[in-house]
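Asker: Have a look; sequence and predicted model below, questions after that.
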Amino acid sequence: MSLKASATIRYTAMRLGIFVGCFIAVLGLVKLGWVPAGIGDANLAWVALLALLLSAPLSFVLLRKQRDDMSEQIAGRVEGAKEKLAANRSQEDAVDDAARATS
C-alpha cells in the first residue's frame, strides 16, 4: 500500500479535526456569553450547528490539496476497476464466441 492509499482517511481526519476545533471555539464563546446559548436544552445542538457552519467553509479552503489528492486516488481506482471490467468482458466474449463456433 502506498503513501497515497490513506488520502481519504487523512482528509476525513483533518476535516473532523477542523470541526472539533470549531466546536471547542464556539463552546468557549457560548460559555463566555459572546454567542447566544440556544433555547432550553438545545445548547449542544446549537453549538454543533454553529461549529458545522464554521468548519464547512474552512475545510473547503484549507483542505483543497488533500481533497485533490483524495479525488485523484479515487479516480485512479475507478479507472482501474473499469479496465478490469473491460478485460473480464472481453474474456467472456472470447469464451462465448469459441463455444458458439464449436456448436
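Answerer: Yep, it's here. Because the structure is predicted, anything quoted here is derived from the model rather than measured.
Asker: Name the single longest helix found in this protein.
Answerer: The longest helix of the chain (DSSP state H) is helix 64-102.
Asker: shaky segments in the protein?
Answerer: Residues of the chain meeting the criterion pLDDT under 70: 1-5, 40-42, 92-98, 103.
Asker: ok so, going back, give me the distance from the longest helix of the chain to the chain's centre.
Answerer: In this view, helix 64-102 has its centroid 23 Å away from the chain centroid, taken as C-alpha atoms, centre = their mean, to the nearest Å.
Asker: Against which helices or strands is it packed?
Answerer: helix 7-32 (3 or more C-beta pairs under 8 Å, 6 or more residues apart in numbering; DSSP states H and E). Quick note: C-beta positions are derived from backbone N, CA and C, even for glycine.
Asker: how about the helix it packs on: buried residues?
Answerer: 7, 10-11, 15, 18-19, 22-23, 25-27, 30 (16 or more other C-beta atoms under 10 Å).
Asker: Packing partners of that helix?
Answerer: Short answer (3+ C-beta pairs under 8 Å, 6+ apart): helix 7-32 packs on helix 43-62, helix 64-102.
Asker: Please tabulate the ones you listed in JSON lines, including the columns distance to Pro36 and mean neighbour count.
Answerer: Putting those into JSON lines (distance: least, C-beta to C-beta, whole Å; neighbours: other C-beta atoms under 10 Å) gives the following:
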{"stretch": "helix 43-62", "distance to Pro36": "8", "mean neighbour count": "15"}
{"stretch": "helix 64-102", "distance to Pro36": "32", "mean neighbour count": "11"}
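Asker: Export those helices as a markdown table, with columns for distance to Trp34.
Answerer: Output for the helices and strands packed on helix 7-32, formatted as a markdown table (distance: least, C-beta to C-beta, whole Å):
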| stretch | distance to Trp34 |
| --- | --- |
| helix 43-62 | 12 |
| helix 64-102 | 30 |
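Asker: Name the nearest residue to Gln66, sequence neighbours excluded.
Answerer: Tyr11 (4.4 Å; C-beta to C-beta, 6 or more residues apart in numbering).
Asker: Pretty sure the one you found sits against Lys65.
Answerer: No: between Tyr11 and Lys65 there is no contact under C-beta atoms under 8 Å: 9.6 Å.
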